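Chemist: Coordinates only, no sequence provided:
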Ligand code: KIV
């Protein structure tokens, strides 16, 4: 049985931390699913470490669908959530329905994630959830707004923190099943987590969230640049470079193949 959105809410009540990671292809999705991750996010971070874009903005829905289908083929247990790319849902509720519908129908993922809060996303989340499409919200630092926000920590003043708290409450009331809190002060992450009945999934939002998510390229040490809140648990950049150097040397010296 794969993880469900209802299970995530139960885990919050039981104070069992939720583990989430991104994946963009079959091989990594299969490995992290077998390793026991609860949520696999096909994040629009796909645009940067994997496709080499400067920001997440150029990513298209078709690119996202292509990668989400590969992830789906590798996963049996984790809940798969797919990000709606920039301007595939902000124009109108109808546009959001169309894009989210394509994600669920064409990839087999169970949920979508979208960035933004009150008032912009409320009607959209109400409509998607009433059509049976589970929605994960995302507030704080929202990378699709990089040209307004930069990549800076959000919610640092009392007023800004209050705005993010109120946005999170509005997203919950509109029907979101969980909310990503990105790059906000830890005490604000704690306050929002205590206030909501749905799980908060933090990334740079402190230790008190109901779960944590990392971009897998950061966790594996594959990214060229890491955000300050990420932690690398391996250094695949140097492992891969060394393996390629060893192979090249052996080919050039006639040692491989033997
Ligand atoms: O796109 C992504 O990987 C994300 C995470 C940073 C939460 O939205």
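Modeler: Structure's in. What do you need? In this text the structure is predicted, and so the values were computed from the model without any measurement. Numbering: from 1, shown residues only.
Chemist: Run a quick neighbour tally on the closest residue to the ligand within the chain.
Modeler: Closest to the ligand within the chain is residue 43: 2.3 Å, counting by C-beta to the nearest ligand atom. All C-beta spots, glycine's among them, are computed from the backbone N, C-alpha and C. The number of residues packed near residue 43 is 29, by other C-beta atoms under 10 Å.
Chemist: Break down this structure into its strands, ranges please.
Modeler: According to DSSP state E, the chain carries its strands in the segments 18-22, 39-42, 79-83, 111-113, 135-140, 178-182, 200-203, 211-214.
Chemist: Now render the ones you listed as a markdown table, adding distance to residue 150.
Modeler: Listed next are the strands of the chain as a markdown table, based on distance: least, C-beta to C-beta, whole Å:
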| stretch | distance to residue 150 |
| --- | --- |
| strand 18-22 | 21 |
| strand 39-42 | 22 |
| strand 79-83 | 20 |
| strand 111-113 | 21 |
| strand 135-140 | 13 |
| strand 178-182 | 13 |
| strand 200-203 | 16 |
| strand 211-214 | 21 |
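Chemist: can you tell which of the ones you listed is closest to residue 10?
Modeler: Residue 10 sits nearest to strand 18-22 of all those, at 10.6 Å, using C-beta to C-beta.
Chemist: by contact count, what packs against that closest one?
Modeler: helix 5-13, strand 39-42, strand 211-214, helix 216-219 (3 or more C-beta pairs under 8 Å, 6 or more residues apart in numbering; DSSP states H and E).
Chemist: Up against the ligand, what does the stretch 1-150 of the chain have?
Modeler: 22, 41, 43-45, 83, 138 (C-beta under 6 Å from any ligand atom).
Chemist: could you redo the last one with a cut-off of 5 Å?
Modeler: Proximity of the stretch 1-150 of the chain to the ligand (C-beta under 5 Å from any ligand atom) is limited to residues 22, 43-45.
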